[in-house]
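Chemist: Starting from these lines, generate the structure:
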Amino acid sequence: MRRRRAVAAVGAVSAGLLVLAACDKPTPMATITVGGDSVSSEATCGGEGEALNTKTLNECLKDKGIDEISVDPTETVRFGVDPDIADNGWTILMNGQPLVDSSKKTYQAIPGSVFFNAQYGAQGDSTLVTIKEGEESTTGLWSFRLKKQDD
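Modeler: Now for the predicted structure:
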């Protein structure tokens, strides 16, 4: 009886380890905060240290199933990234174009009005914002849709 329990326990531990080994390691997180609201996401593409090719990047920037947050243009939009992203350098893209220079800090703040200003490439009441990891080559993208808050 005792031997059967020991074998069962070893079997359960082994099965648990197999399940854990099959799980993908989560990618680092990026977060956008506006006022008291925030949205966090794992990488839309990449985020695992490997350089992404141009085709993958273009497909990623078209992604429609991304997290959305409402933005009052008078508020500040705060971007935060895990230290793993910051260590590789990161840039905020607006509709696929760099909005700021690359940074190795874990936090940046930008006035909300920028994301709906045609001078910066905004079109309408919705803007695709992407955090691009990597300075030499892109290793990850975290995309969010900023939607202009109704008055």
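Chemist: Show the backbone phi and psi for S113.
Modeler: phi -60, psi -30 (degrees, to the nearest 10).
Chemist: so what's it closest to, chain neighbours aside?
Modeler: Of all residues beyond its chain neighbours, the one nearest S113 is P73 (4.3 Å), with distances taken as CB to CB, 6 or more residues apart in numbering. C-beta: built from backbone N, CA, C; applies to glycine.
Chemist: Can you tell me the number of residues neighbouring that neighbour?
Modeler: For P73, the neighbour count with other CB atoms under 10 Å is 16.
Chemist: in this structure, which spans are helices?
Modeler: Residue ranges of the helices in the chain, as given by DSSP state H, are 2-22, 54-61, 83-87.
Chemist: Least reliable of the ones you listed by average pLDDT, please.
Modeler: Note on the helices of the chain: lowest mean pLDDT is at helix 2-22, with a mean of 47.
Chemist: The closest residue to R78 other than its chain neighbours bridge partners, please.
Modeler: Closest residue to R78 apart from its sequence neighbours, by CB to CB, 6+ apart: T33 at 4.4 Å. For T33, the beta-bridge partners under DSSP bridges are S38, R78.
Chemist: isn't S113 right up against T74?
Modeler: Yes. Taking contacts as CB atoms under 8 Å, S113 lies within contact range of T74: 7.2 Å.
Chemist: neighbour count winner among those two?
Modeler: When S113 and T74 are compared for neighbours, S113 comes out ahead with 17 against 10, by other CB under 10 Å.
Chemist: Distance of the more buried one relative to S126?
Modeler: S113 is 15 Å from S126, where distance means CB to CB, to the nearest Å.
Chemist: ok, the closest residue to T76 other than its chain neighbours - contacts?
Modeler: The shortest distance from T76 to any non-neighbouring residue, by CB to CB, 6+ apart, is to A109 (5.1 Å). By CB atoms under 8 Å, 6 or more residues apart in numbering, A109 lies in contact with T76, V77, R78, F79.
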